[in-house]
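Colleague: Here is the input, now give the coordinates:
(chains A and B)
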Amino acid sequence: MRVVIAEDNILLSAGMEYLLAAKGFEVAEVATDGPGFIAAVQRHRPDVTIVDVRLPPSFRDEGIHAALEIRRARPGLPVLVLSQYVEQVYAKELLSDGHGAVGYLLKDRVSRVSEFVDALHRVAKGGMVMDPEVIAQLMTTSQGKNTIQTLTRREREVLALMAQGLGNTAIGEHLVITDNAVHKHIGNIFAKLGLPPTDSGHRRVLAVLTFLNNQP
Amino acid sequence: MWRGGRYLLLGLPGAIATMLVPPLLAAAALSTGLAGAGLVIFPRALVALRRWAEWNRRRAAGLLGVPVSSRYVSLSQGIRAQWRQVLDDPETRRDIGWVWRHIATGIPAGLAALACIGTAVFTVVAASLWWLFPADAPLRLLTAIPVTSWSWALALGGGQIVISGLVAFWAVPKLARFHARTCLAALEPSDADQLAERVGELSESRAGVLDAHGAELRRIERDLHDGTQARLVAIAMQLGMARETLPEGSEPLAELLRHAHEGAEEAMSELRDVIRTMYPPILADRGLAGALAALGARSGVPAEVDLGEVGRLPAAVEAAAYFIVAETLANAAKHSCATRVLVRLTRAGDSLLIEVTDDGIGGVAEARGTGVIGIRRRAAALDGTVLVTSPVGGPTSITVELPCGL
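Modeller: Purely as a prediction, here's the structure:
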């Protein structure tokens, strides 16, 4: 699997290259800024990309802008965004084109090698991975919001796991319930959030987006 | 006596010349009628007056041997700014007050000094020429005694010189010092003015401290992000890899590595908290507007954030504003049962005004740890004030004023 990385810190990019190579990824290029990253993606057509939020020259949220820009040019290009802190708005912005194939994780998670590789695979396949901290922020702050309030506690748990990018089976294992039960909960969530029964991968993204948007 | 005499004799023409100041100022003001020339001339005339007053003040201070600070002005650009500058300056009022005192004390004191010295000079000349006076109207010395012979002339002339010398020796330094003190007092700032000036200096130095502090906050955040945090991530990554590659059956080593890995993760999490409470990274990334929008977006109660034209703010004030808004929104979500919160930030003079109003049930009990204490502490650290109105039944409104000192 070919990867393009945007990371300006040599220490981290070298570590990531080593780690990914060990796990059978091919790192096509490491870009050190936004424009370099976009050019590298156009050159190598990678299967998945990893982007640091803070990049030169401004050292602000350059990485988010680069990720959004390249996805406008190549809709659905898998992007895993890494940062030293998480902000709900960034997650929302990344998901808002509705194409999925988005991950947003704290850099800490990279050290959990197999989980990180797993997340990368899921994003590459068009799935979605949100950092547990984003979910935690949502869970603590979204009480009292109309839409989320209509969900039962169990449904909220399912939605949180869905946001972390788990599939039905994994959610079932996590909550110790049957696949069938998971399926029923997810159906209820879609219904309560008013999401039409179209293709279900897409709906999962929309459900989480609704969750992030906190809007009825 | 000589210094005093020189001071007074030089001051006399100075004081006489100062009599020209009021008519000259009036003429400068009236010249506005001449195609507005006075608009340009008048502020310059006041500056010239300042220079004249300063020259006199330095002489007075030199005589008394006291130090004085300079009060010179340099005019700013633009006629309107110049007028405001000279008219707002309390020193201008003092300069004009000084004009009258300088005239009223400088001329008599100068004349008195002149009289003492003049008498001595006159006596020498007159006594040596006594024989030129006609016999029916002889020279009179010591006010009344007629001089009719050389011996009389020497005795009376010597006596008159000694007397006027004694008077001058006694009176001239006193007069000189009196005049100098009067001048300095007229130009010295009053206690209230000095206090106001001190407050101004202190606000300025606080603004400098706030600015420096803000720059430090940003630098520390950046350094930690690029340095310590990145290093910790790299260490954790290596520990993670080490754990992955460890062959089965090396239990004690695996356990050690697990501890080290978890320790590194905890350190990252703690460091993240430290940075967040010191200077939230989103402020660095998106500025106050972006950071507040992010707070509003994830608020438990639907929140509307209205950030007006607040201009440039010190980083410490931005950070405090961010925490205060975060705290008030969290409070509203936890206690108020509100359905809407309005957050408004405006600039009021030197201060940033943060108003947070909800439509909840009110009755905020500050003592029961409702987060208002945290808000007060944050505000107090910046010399700010917090006003909470929360009648039972609502609504709650919290107003925080943070001085920006810019």
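
Colleague: Next, the buried residues of stretch A:62-73.
Modeller: Under the neighbour-count criterion of 16 or more other CB atoms under 10 Å in any protein chain shown, stretch A:62-73 has A:62-67, A:70-71 buried. Quick note: C-beta positions are derived from backbone N, CA and C, even for glycine.

Colleague: And chain B, is that stretch touching that?
Modeller: No: using CB under 8 Å from any CB of the partner chain, stretch A:62-73 stays clear of chain B, with a minimum separation of 8.6 Å.

Colleague: Can you pick out the ones from the buried residues of stretch A:62-73 that are in helices?
Modeller: The helices, defined by DSSP state H, take in A:62-67, A:70-71 from these.

Colleague: quick one: which of those is nearest residue B:292?
Modeller: Nearest to residue B:292 among these: residue A:64, at 17.6 Å, using CB to CB.

Colleague: does the closest one really touch residue A:79, like I thought?
Modeller: No: contact between residue A:64 and residue A:79 fails when scored by CB atoms under 8 Å: they sit 9.9 Å apart.

Colleague: Do a quick rundown of the helices in chain A.
Modeller: Assigned by DSSP H, chain A shows helices spanning A:10-22, A:34-44, A:62-73, A:88-95, A:113-124, A:132-141, A:146-149, A:153-163, A:168-175, A:179-192, A:200-213.

Colleague: Pull the distance from the fifth one to the chain's centre.
Modeller: Mean-position distance between helix A:113-124 and its chain equals 10 Å (CA atoms, centre = their mean, to the nearest Å).

Colleague: re the thing from before, could you save the helices of chain A as JSON lines and add columns showing mean pLDDT?
Modeller: JSON lines is the format used below for these (pLDDT from 0 to 100):
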{"stretch": "helix A:10-22", "mean pLDDT": "93"}
{"stretch": "helix A:34-44", "mean pLDDT": "95"}
{"stretch": "helix A:62-73", "mean pLDDT": "94"}
{"stretch": "helix A:88-95", "mean pLDDT": "86"}
{"stretch": "helix A:113-124", "mean pLDDT": "92"}
{"stretch": "helix A:132-141", "mean pLDDT": "73"}
{"stretch": "helix A:146-149", "mean pLDDT": "64"}
{"stretch": "helix A:153-163", "mean pLDDT": "84"}
{"stretch": "helix A:168-175", "mean pLDDT": "89"}
{"stretch": "helix A:179-192", "mean pLDDT": "85"}
{"stretch": "helix A:200-213", "mean pLDDT": "68"}
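
Colleague: most tightly surrounded among these?
Modeller: Of all the helices of chain A, helix A:88-95 has the most neighbours on average by mean count of other CB atoms under 10 Å in any protein chain shown, namely a mean of 22.

Colleague: by contact count, what packs against that one?
Modeller: helix A:62-73, strand A:79-83, strand A:102-106, helix A:132-141, helix A:200-213, helix B:281-297 (3 or more CB pairs under 8 Å, 6 or more residues apart in numbering or on different chains; DSSP states H and E).

Colleague: do that again at 10 Å, thanks
Modeller: Judged by 3 or more CB pairs under 10 Å, 6 or more residues apart in numbering or on different chains; DSSP states H and E, the packing partners of helix A:88-95 are helix A:62-73, strand A:79-83, strand A:102-106, strand A:128-130, helix A:132-141, helix A:200-213, helix B:281-297.

Colleague: Run a quick neighbour tally on residue B:191.
Modeller: A total of 8 residues lie near residue B:191 under the criterion other CB atoms under 10 Å in any protein chain shown.

Colleague: Kindly report the same for the one 5 residues further on.
Modeller: Residues near residue B:196, counting by other CB under 10 Å, number 13.

Colleague: How is the chain divided into domains?
Modeller: I went with chain A, as the question did not name one. Listed by automatic domain parsing, the domain ranges of chain A are A:2-131, A:142-213.

Colleague: other chain: chain B
Modeller: B:2-187, B:196-278, B:287-403.

Colleague: Redo the ones you listed as a markdown table? Include distance to chain A.
Modeller: Below are the domains of chain B laid out as a markdown table (distance: least, CB to the nearest CB, whole Å):
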| stretch | distance to chain A |
| --- | --- |
| domain B:2-187 | 35 |
| domain B:196-278 | 4 |
| domain B:287-403 | 4 |
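
Colleague: Could you say which of the ones you listed is packed most deeply?
Modeller: Most buried of these, by mean neighbour count (mean count of other CB under 10 Å): domain B:287-403, with a mean of 19.

Colleague: show me what contacts the residue of chain A found nearest chain B?
Modeller: Residue of chain A nearest chain B, by CB to the nearest CB: residue A:111 (3.5 Å). Each residue near residue A:111 by CB atoms under 10 Å, 6 or more residues apart in numbering or on different chains is listed here: A:15, A:19, B:232-241, B:243, B:261, B:264-265, B:268.

Colleague: residue contacts, the spatially closest residue to residue A:4 that is not a sequence neighbour?
Modeller: Leaving aside its sequence neighbours, residue A:4 sits nearest to residue A:46 (CB to CB, 6 or more residues apart in numbering or on different chains; 4.3 Å). With contact set as CB under 10 Å, 6+ apart, residue A:46 has these partners: A:1-5, A:25-29, A:40, A:77-78, A:124.

Colleague: ok, so what distance separates residue A:46 from residue A:126?
Modeller: In this view, residue A:46 and residue A:126 are 14 Å apart by CB to CB, to the nearest Å.

Colleague: what do you get for residue B:117?
Modeller: The value you get for residue B:117 to residue A:126, if CB to CB is used, is 107 Å.

Colleague: same question, residue B:166
Modeller: From residue B:166 to residue A:126 the distance is 113 Å (CB to CB).

Colleague: Then residue A:179?
Modeller: Applying CB to CB to residue A:179 and residue A:126 gives a distance of 21 Å.

Colleague: One more: residue B:200?
Modeller: According to CB to CB, residue B:200 and residue A:126 sit 63 Å apart.
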